[in-house]
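A.B. asks: Show me how the following folds:
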Amino acid sequence: MNRYTDEHVWVRLEDGVAIAGITSHAQDTLGEIVSVEMPSVGARFDAGTAAGVVESIKTASDVHMPATGEVLEVNEQLLNDPSLANSDPLGAGWFFKFRPDDPAAIDRLMDEATYEALTR
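C.D. replies: Residues are numbered from 1 along each chain as shown. Purely as a prediction, here's the structure:
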């Protein structure tokens with residue numbers, strides 16, 4: 001089950017590893033995505049801090065860490081084809097995987113209904 005931040009990042013926990021990316025709403029707002037910057041594998045970030053950047057033809061926006069943790073992997077396919085963040089933001093367009101210091105922090109983020117209400 002996906003959880004959401006007010007910075008328009010989704011996150012899903014799978015076997016103790018969190019997968020994160022930008023939401024459908026974020027990619028709609030940004031428009032055509034032309035490049036992404038990823039965090040370094042092994043880097044640690046606090047919740048809410050910028051861990052990457054997504055750049056569209058309109059603007060650039062930070063991708064914020066949804067929970068404190070260590071980056072385990074970045075989506076190389078997205079680096080090579082940033083349009084995946086537009087065409088499949090909740091699937092193949094994921095940005096990075098990380099190990100959260102407190103996996104329960106993911107559960108405390110917004111559920112889908114709460115996030116949808118925020119973006120109306």
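A.B. asks: tell me which element the closest residue to Glu37 other than its chain neighbours falls in.
C.D. replies: By the measure of C-beta to C-beta, 6 or more residues apart in numbering, the closest residue to Glu37 outside its immediate chain neighbours is Val53, 4.1 Å from it. (C-beta placed from N, C-alpha, C; glycine too.) In this assignment (DSSP states H and E), Val53 forms part of strand 50-56.
A.B. asks: now for that strand, which elements pack on it?
C.D. replies: For strand 50-56, the helices and strands in contact under the criterion 3 or more C-beta pairs under 8 Å, 6 or more residues apart in numbering; DSSP states H and E are helix 24-30, strand 33-37, strand 60-64.
A.B. asks: Just the CA coordinates for the longest one, please, in PDB.
C.D. replies: Taking only C-alpha atoms (Å, rounded to 0.1, in the frame of the first residue of the first chain), the coordinates of helix 24-30 have been written out as PDB:
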ATOM      1  CA  SER A  24       0.800  11.300 -10.400                       C
ATOM      2  CA  HIS A  25      -0.400  14.700  -9.100                       C
ATOM      3  CA  ALA A  26       3.300  15.900  -9.000                       C
ATOM      4  CA  GLN A  27       4.000  14.800 -12.600                       C
ATOM      5  CA  ASP A  28       0.800  16.300 -13.800                       C
ATOM      6  CA  THR A  29       1.700  19.700 -12.200                       C
ATOM      7  CA  LEU A  30       5.300  19.500 -13.500                       C
END
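A.B. asks: for the most centrally placed residue in the chain, phi and psi?
C.D. replies: In the chain, the centroid-proximal residue (C-alpha atoms, centre = their mean) is Gly21; its distance is 2.4 Å. Its backbone dihedrals place Gly21 at phi -160, psi -180, with angles given as degrees, to the nearest 10.
A.B. asks: quick one: it from Ile33, how far?
C.D. replies: Taking C-beta to C-beta, to the nearest Å as the criterion, Gly21 is separated from Ile33 by 11 Å.
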